[in-house]
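# no sequence for this one, just the structure:
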């Protein structure tokens, strides 16, 4: 296989895996606080359409990213109020948010189908993009790719190296105990859900402003669900999350890779690969239940009732 083809495959895998990484990082923080938000797909769609509309009307992709993150936060707040204040079932509320996101994004984006915007240009790190192989592969990406990679070590340090991260994990393990220790459980969970919403919005905007700078109904194509599975696949570990995101990204562009080396196969079949890999990954993970049980937040998906 030609070295240029390998370089292009890695480049495209990183680009395809970045929205998964953004969404999965946000959902990981959310789940660390004990809240399961299945509305990632809906928030991604809302972020994608709001980011595209604002970028198109303002002429600035930067404003589009801000709008997408803000929209994700607002959608996440709606979910948070429903599950934290009214004790609604988290699974049902998350599914409702996804359905709502599908419908509202289609409505808001109806007048923008077929239109395009100027995406965010790639960065050139002091001429490093001119390096053979490594330059095009690792140093020719847009700023959001590097933002996502920068968030990973910062988030790891926050979760495992700070007092605030300890509080987050305490709330996720036993909110009743955390509340008795004087921790405001609702505040921690609200902040975690809002962070997850912002990351989901950015993940959606990455698709509509960078990967394909246009709007199309349902353009997330199930990536929100893959990101949810990715958190479980990674056993709630940030390092595994990065590996898994780019692995699924590689599966997503495998069709292009095979075509480039002359392999002819059904594109519809290859489009199923990320979901097939997800299923097999979860099956394999289920064989090692001890590892999963050691890392899963004990209060995940369980409502917290106020203590008097």
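Looks like it came in fine. These numbers were taken from a predicted model, which means no experiment stands behind them.
# Buried residues in stretch 239-247, which are they?
Within stretch 239-247, the residues scored as buried using 16 or more other CB atoms under 10 Å are 240-242, 244-247. For the C-beta atoms, the positions are set from N, CA and C on the backbone; glycine is no exception.
# which one of the residues you listed is nearest residue 172?
residue 241 (16.2 Å; CB to CB).
# how about residue 7, what does it touch?
If a contact means CB atoms under 8 Å, 6 or more residues apart in numbering, then residue 7 has 133, 136-137 as its contacts.
# and which of those residues is nearest to residue 251?
Closest approach to residue 251 among the contacts of residue 7 (CB to CB): residue 137, at 18.2 Å.
# Now name the helix or strand holding the closest one.
Using DSSP states H and E, residue 137 sits in helix 134-138.
# contacting residues around that helix?
With CB under 8 Å, 6+ apart as the test, helix 134-138 has contacts from 7-8, 10-11, 14, 128-129.
# Identify, from those residues, the entry nearest to residue 87.
Of those, the one sitting nearest to residue 87 (CB to CB) turns out to be residue 14, at 40.9 Å.
# give the contact list for residue 181.
Residues counted as contacts of residue 181 (CB under 8 Å, 6+ apart) are residue 170.
# If you could redo that for residue 23, that was the one I meant.
Counting by CB under 8 Å, 6+ apart, residue 23 makes contact with 40, 44, 199-200, 203, 223-224, 227.
# Next, format these as JSON lines and append neighbour count, pLDDT and distance to residue 123.
Shown next, in JSON lines, are the contacts of residue 23 (neighbours: other CB atoms under 10 Å; pLDDT from 0 to 100; distance: CB to CB, whole Å):
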{"residue": "40", "neighbour count": "33", "pLDDT": "96", "distance to residue 123": "27"}
{"residue": "44", "neighbour count": "37", "pLDDT": "97", "distance to residue 123": "24"}
{"residue": "199", "neighbour count": "32", "pLDDT": "97", "distance to residue 123": "21"}
{"residue": "200", "neighbour count": "40", "pLDDT": "97", "distance to residue 123": "24"}
{"residue": "203", "neighbour count": "32", "pLDDT": "96", "distance to residue 123": "19"}
{"residue": "223", "neighbour count": "27", "pLDDT": "92", "distance to residue 123": "24"}
{"residue": "224", "neighbour count": "26", "pLDDT": "94", "distance to residue 123": "27"}
{"residue": "227", "neighbour count": "30", "pLDDT": "94", "distance to residue 123": "25"}
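# Grab the longest helix from this protein for me.
Longest helix in the chain, counting residues (DSSP state H): helix 3-32.
# The closest residue to residue 200 other than its chain neighbours: helix or strand, and which one exactly?
Nearest residue to residue 200 in three dimensions, chain neighbours excluded: residue 43, at 3.8 Å (CB to CB, 6 or more residues apart in numbering). Here residue 43, judged by DSSP H and E, is contained in helix 40-58.
# For that helix, name the packing helices and strands.
For helix 40-58, the packing partners by 3 or more CB pairs under 8 Å, 6 or more residues apart in numbering; DSSP states H and E come out as helix 3-32, helix 61-80, helix 90-108, helix 185-206, helix 223-233.
# ok so, going back, report the angle between the longest helix of the chain and helix 61-80.
Following axes from the mean of the first three to the mean of the last three CA atoms, to 10 degrees, one obtains 40 degrees for the angle between helix 3-32 and helix 61-80.
# To what extent is residue 217 buried, counted in neighbours?
The local packing of residue 217 (other CB atoms under 10 Å) involves 12 other residues.
# Fine by me, we can end here.
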